[in-house]
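[1] Fold the following, please.
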Amino acid sequence: MQFDDVILGRRSIRGYKPDPVPRALIEEIIGLAMRAPSSMNSQPWNFYVITGEPLNRIRAGNTERMVAGVPQSREFRIGQPFAGAHRERQVQVAKQLFSAMGIARDDKDKRLDWVLRGFRQFDAPVCIIVTYDRALDGSDDTPFDCGAVTNALVNAAWSRGLGAVINSQGIMQSPVVREHAGIADDQVIMKSIALGWPDHDFPANAVVSERKPVKEATVFVGFED
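    Presented below is the predicted three-dimensional model:
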């Protein structure tokens, strides 16, 4: 693929084929991703790549605890709920997804099933947990770098025919993730990425989220035109 094809073609994939993803291919993708910009070359990121029975145990633990009402325990700061334009965009993409999946506003069972898919890592065959070195906790550059490498990773995956979706649902119950992924104490859990071969018959995979126009996001200073 050409660079533009990857950037313009990539979308979040929420439905996957059960086919396994070769370890060598994942290593290749991560190697490409780690060429992402890094503040002063600090490279704070690490990756825990999980599949098979350990991933099934994480899915089960996440789901059971959330359904039981166990408070979420994300390790990276959440911030305040979205409001204003940010909330409107969040609602808009949810409407797109629910429309594609045929989920009515008052269908509580289907809405709950959709939420639980997130806690199951969207039933993807692979989950990548992005962590950063605890020694850097509190540095603003660190999450910036982790965001850069995560963006590079999902784009590299797309260029190889794989789909991915960056999410937080899969790490809401951090004790479960730590136990079954064997995450070291010197790491902070930041994000998770569901990864696998896209199921092109899954309706939500056709959804392309909208982006605000360049003129709305950009201020040009010192240009003549």
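[2] now the helices for the chain?
    Listed in chain order, the helices of the chain (DSSP state H) span 3-9, 23-33, 52-67, 84-101, 108-119, 141-159, 174-181, 214-217.
[3] Output those helices as CSV; include the columns distance to residue 43 and mean pLDDT.
    Yep, even glycine has a C-beta here, placed from its N, CA and C like the rest. Formatted as CSV, the helices of the chain follow (distance: least, C-beta to C-beta, whole Å; pLDDT from 0 to 100):
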stretch, distance to residue 43, mean pLDDT
helix 3-9, 23, 96
helix 23-33, 11, 98
helix 52-67, 26, 95
helix 84-101, 30, 95
helix 108-119, 29, 92
helix 141-159, 7, 97
helix 174-181, 20, 96
helix 214-217, 29, 96
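[4] And these: which comes nearest residue 196?
    helix 141-159 (9.3 Å; C-beta to C-beta).
[5] For the closest one, which residues meet the burial criterion?
    By neighbour count on 16 or more other C-beta atoms under 10 Å, the buried set for helix 141-159 is 142-143, 145-150, 152-159.
[6] and the residue nearest in space to the middle of the chain, what are its bridge partners?
    Centroid-nearest residue in the chain: residue 166, 0.9 Å away (criterion: C-alpha atoms, centre = their mean). Using DSSP bridges, the bridge partners assigned to residue 166 are residue 193.
[7] pretty sure it is touching residue 154, no?
    Yes. Contact criterion C-beta atoms under 8 Å: residue 166 and residue 154 qualify, at 6.4 Å.
[8] Tell me if I'm right that residue 36 and residue 154 touch.
    No. Counting by C-beta under 8 Å, residue 36 stays clear of residue 154, with 11.3 Å between them.
[9] on that earlier part again, what touches both of residue 166 and residue 154?
    Shared contacts of residue 166 and residue 154, defined by C-beta atoms under 8 Å, 6 or more residues apart in numbering, comprise residue 193.
[10] which parts of stretch 77-95 are buried?
    Buried residues in stretch 77-95 (16+ other C-beta under 10 Å): none.
[11] what residues does that stretch touch?
    Under the criterion C-beta under 8 Å, 6+ apart, residues 207, 209, 210, 212 lie in contact with stretch 77-95.
[12] got it, and stretch 195-203?
    Contact partners of stretch 195-203, identified using C-beta under 8 Å, 6+ apart, comprise 13-17, 19, 21, 26, 100-102, 124-128, 157, 161-164, 205.
[13] All good on my end, thank you.
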